[in-house]
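Trainee: Show me the folded form of this:
(2 chains)
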Amino acid sequence: MLFHRLSRLGSRIVKELPRERHFSVSGMRVLQGSYSQYLQSSAVTQRQSRTFQQAFFSSNYNLCTLFSTISETEKINVIFVDKDGEEIHIKVPVGMNILEAAHENDIELEGACECSLACSTCHVIVMDTEYYNKLEEPTDEENDMLDLAFGLTETSRLGCQVIAKPELDGIRLAIPSATRNFAVDGFVPKPH
Amino acid sequence: MSMFLARRLVTRCFSSRPLHVCIVGSGPAGFYTADKLLKAHEGARIDIIDRLPTPYGLVRSGVAPDHPETKIAINQFSRVAQHERCAFYGNVKLGSDLSLSELRDLYHVVVLAYGAETDKDLGIPGESLGGVFSAREFVWWYNGHPDYSSLKPDLKSSDKAVILGQGNVALDVARILLRPTTELASTDIATHALSALEESSIRKVYLVGRRGPVQAALTAKELREILGIKNLHIRIKETDLSVTPADEEEMKNSRARKRIYELLSKAAAAAGTFEGDCGQRELHFVFFRQPERFLESDESKGRVSGVNLEKTILESVGSGKQIAVGTGEFEDINCSMVLKAIGYQSVPINGLPFDHKKGIVPNVRGRVVSTEPGLYVCGWLKRGPVGIIATNLYCAEETVGSISQDIEEGGVGKSEKEGSKGLMQLLEKKEVKMVDFSGWEKIDAKEKQMGIDRNKPREKLVTWEDLLAAASADS
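Mentor: So this is what the prediction gives:
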């Protein structure tokens, strides 16, 4: 029911918004350039706090950098529905996490803890159950953070934990908003 | 939808005119408000003021030193502070250096995001005894807040401490008391606190809650973390874990509560009945108890020697909520220190409407009621002292939404205001030595430099004198 409504909302947006913003990452060089920038900052963070919970950090670090070792030639289509209800289509290289991808494309998705699973600011809602089921189960640590996420739904995930893979081509992700309420379209956030 | 687009368009057209904004408080609520205002209004010129010479509020003085990953949020906040249309001015106190009406004369928009700097009281006998602290005082002490660096809590008189409350602040202070100090030594914990903890004789910590394991206000991450501390024995009474149909209902409606209950059950089962030796570190979850009075020590007058607790049972009060009521049965826990982790409270200032019962500024979606347009609140001052850093993201979005609406429809931002220039003149006139962001960067650099020698991310400067001296040092 919920998903039916969500997808209905999605198609309404498509109908009423003929002007879609199309973004795509142009060329490998740009991509890699900004990657290494990110990795650098991530490495600094790691160095600063490496004395504490080293294992914790390095495991997440691996998660964050996983994509760089996988071939980046393959890209999938990801559609964000942003806080204003606008659809933004982007191409995301396989292996990249969704938070990264959002930032690469200037999509307003916060990432306060920079992939260290210590916040819930990159909360996204997978708009179709079919796609949600294609994702790996969230870990306990991700669920701990999701428990605190604003407007939690049955198909909520943390953007930093969703890694692009071919099966996810066409996935639609909504960014929760305090000012735009899904309730307008009959969507009731799950109490938490 | 089209109306929404139209509104966006209007906002963008209007936004090129300078909009002078002052945000009071530089914690997460203040910085997220600044971030969102900068994005929403191209004409916004934002000054963030703070009473401390250091920015970031509770991220610096509240978040536990062993949670460095939570403090990463500072990276984003410092980018906001360095934005060309944003400035930080520390060591500026609203209420004494400046009045609210002076700020309102200078700025089109004033957003109060100064949080909650005092504590709720229990209002029971013995609350002012030595050794009874609020958790906030203890947290500010170990985090090197300049107002509490000389607190000197006595950690050596006995092996027991009682913490009243079972939220995340309670878990933070329990963890700091029980965690091996070798693990704390490499964090940014204040050195005075680390030294005191190294000599601490506290081995048993009691976390007391009025209600049961289903209602505990803590969150799964923090619980999982404390349950995982090496050589820490967890004690939970088996009988406290039995659930009523009302508890079941509460868990059905909240996946967070359900997962927390499961974690507690698992910890209780793992602990078994093993008694162990007397010097071991223990964390006792004490459910269904409310504090009745603090006990005074016979040997040392004016100091706490324990807490008298009343047993409670839960009563449903409708809408799935259960409250604790006393049973008239009492028991004591002896201890030499009590930390009250029962909630923070906001402080009112002159000329500001304040709801003393709720401890917040009365507001509608961040708009302060019964005052001239242009005054807003965000964060704990707006919605009470609950939630995590991320909660402020949505809180700020809502407040900024109200500001945008008032600019379009309510005439806010139309008059001539002096903004920053006026503030600088006023501070100069009043001889207030503000610390700007470059001053903070000097403090930051010095702290990091001092940290290198001790293998810590930073060694915090913990007195006003040191902070102000570092900020004004020649670079």
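
Trainee: Report the contact partners of B:Asn168.
Mentor: Neighbour list for B:Asn168: B:217-219, B:222 [criterion: CB atoms under 8 Å, 6 or more residues apart in numbering or on different chains]. In this view, the C-beta of every residue, glycine as well, is placed from N, C-alpha and C.

Trainee: For B:Ser415, which non-adjacent residue is closest in space?
Mentor: Spatial nearest neighbour of B:Ser415, chain neighbours left out: B:His108 (7.1 Å); criterion: CB to CB, 6 or more residues apart in numbering or on different chains.

Trainee: ok, that neighbour - how many residues close by?
Mentor: 26 (other CB atoms under 10 Å in any protein chain shown).

Trainee: Up against chain A, what does chain B have?
Mentor: Contact residues, chain B versus chain A (CB under 8 Å from any CB of the partner chain): B:1-2, B:4-5, B:8, B:39, B:66-70, B:72-73, B:75-76, B:183, B:186-187, B:219-221, B:224, B:253-256, B:259, B:388-391, B:393-395, B:397-398, B:401, B:455-457.

Trainee: ok so, going back, out of the contacts of B:Asn168, who's the most crowded?
Mentor: That'd be B:Leu218 among those, by other CB under 10 Å, with 24 neighbours.

Trainee: gap between that one and B:Gly43?
Mentor: To B:Gly43, B:Leu218 is 44 Å away according to CB to CB, to the nearest Å.

Trainee: Buried residues of stretch B:290-309, list them for me.
Mentor: By 16 or more other CB atoms under 10 Å in any protein chain shown, the buried positions in stretch B:290-309 come out as B:290-297, B:303-309.

Trainee: my guess is the residue nearest to B:Ser415 meets B:Gly374, correct?
Mentor: Yes. The criterion here is CB atoms under 8 Å, and B:His108 meets it with B:Gly374 at 6.0 Å.

Trainee: Helix, strand, or coil at the residue nearest to A:Glu167 when sequence neighbours are not counted?
Mentor: Nearest non-adjacent residue to A:Glu167, counting by CB to CB, 6+ apart: A:Lys134, 4.9 Å away. Following DSSP: H, G, I helix; E, B strand; the rest coil, the label given to A:Lys134 is coil.

Trainee: what's around B:Ser420, how many residues?
Mentor: So B:Ser420, with other CB under 10 Å, has 16 neighbours.

Trainee: Pull the contacting residues for B:Val369.
Mentor: B:353, B:362-363.

Trainee: scratch that, B:Thr191 is what I was asking about
Mentor: Taking CB under 8 Å, 6+ apart, one finds B:454, B:459 in contact with B:Thr191.

Trainee: so what pLDDT did it get?
Mentor: On pLDDT, B:Thr191 comes in at 97.

Trainee: Equivalent analysis for the one 3 residues further on, please.
Mentor: Residue-level confidence at B:Leu194 comes out at 98, pLDDT.

Trainee: State the helix or strand in which it lies.
Mentor: helix B:191-198 (DSSP states H and E).

Trainee: what are the pairing partners of the helix or strand just after that helix, and which direction each?
Mentor: The helix or strand immediately downstream of helix B:191-198 is strand B:204-208, counting by DSSP H and E. Using DSSP bridges, strand B:204-208 pairs in its sheet with strand B:160-164 (parallel), strand B:281-286 (parallel).

Trainee: CSV please, covering those and showing mean pLDDT and mean neighbour count.
Mentor: Converted to CSV, the strands paired with strand B:204-208 look like this (pLDDT from 0 to 100; neighbours: other CB atoms under 10 Å in any protein chain shown):
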stretch, mean pLDDT, mean neighbour count
strand B:160-164, 98, 26
strand B:281-286, 97, 20
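
Trainee: Save those strands as JSON lines, and put in distance to B:Met450 too.
Mentor: Converted to JSON lines, the strands paired with strand B:204-208 look like this (distance: least, CB to CB, whole Å):
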{"stretch": "strand B:160-164", "distance to B:Met450": "30"}
{"stretch": "strand B:281-286", "distance to B:Met450": "30"}
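
Trainee: Of those strands, which is nearest B:His20?
Mentor: strand B:160-164 (44.3 Å; CB to CB).

Trainee: and residue 88, how many residues sit next to it?
Mentor: Went with chain A since none was named. 20.

Trainee: hmm, I had chain B in mind actually
Mentor: B:Phe88: 30 neighbours (other CB under 10 Å).

Trainee: That one sits in which helix or strand?
Mentor: Going by DSSP H and E, B:Phe88 is in strand B:86-90.

Trainee: helices and strands around the next helix or strand after that strand, which ones?
Mentor: Going down the chain from strand B:86-90, the next helix or strand is helix B:100-106, by DSSP H and E. Where contact means 3 or more CB pairs under 8 Å, 6 or more residues apart in numbering or on different chains; DSSP states H and E, helix B:100-106 is packed against strand B:19-24, strand B:109-112, helix B:420-429.

Trainee: what's the angle between the longest one and strand B:19-24?
Mentor: In terms of direction (axes from the mean of the first three to the mean of the last three CA atoms, to 10 degrees), helix B:420-429 departs from strand B:19-24 by 40 degrees.

Trainee: returning to that earlier point: adding distance to B:Glu331 and mean pLDDT as columns, could you present the helices and strands packed on helix B:100-106 in CSV?
Mentor: Listed next are the helices and strands packed on helix B:100-106 as CSV, based on distance: least, CB to CB, whole Å; pLDDT from 0 to 100:
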stretch, distance to B:Glu331, mean pLDDT
strand B:19-24, 45, 98
strand B:109-112, 43, 98
helix B:420-429, 55, 97
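
Trainee: export these to CSV and tack on distance to B:Val162?
Mentor: Shown next, in CSV, are these (distance: least, CB to CB, whole Å):
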stretch, distance to B:Val162
strand B:19-24, 36
strand B:109-112, 35
helix B:420-429, 45
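
Trainee: before we move on, back to that, where strands are concerned, which of the contacts of B:Val369 count?
Mentor: Among those, DSSP state E puts B:Asn363 in strands.

Trainee: Please list only the buried members of the contacts of B:Val369.
Mentor: B:362-363.

Trainee: Go through the contacts of B:Val369 and say which is closest to chain A.
Mentor: Taking CB to the nearest CB as the measure, chain A lies nearest B:Asn363 of these, at 14.2 Å.

Trainee: ok, now which ones touch that closest one?
Mentor: B:369, B:376-377, B:382.

Trainee: among those, which ones are buried?
Mentor: B:376-377, B:382.

Trainee: all helices for the stretch 251-400 of chain B, in order.
Mentor: B:255-271, B:380-383, B:391-409 (DSSP state H, counting those that start in this stretch).

Trainee: Can you say which of those helices is packed in most?
Mentor: helix B:380-383 (a mean of 26; mean count of other CB atoms under 10 Å in any protein chain shown).
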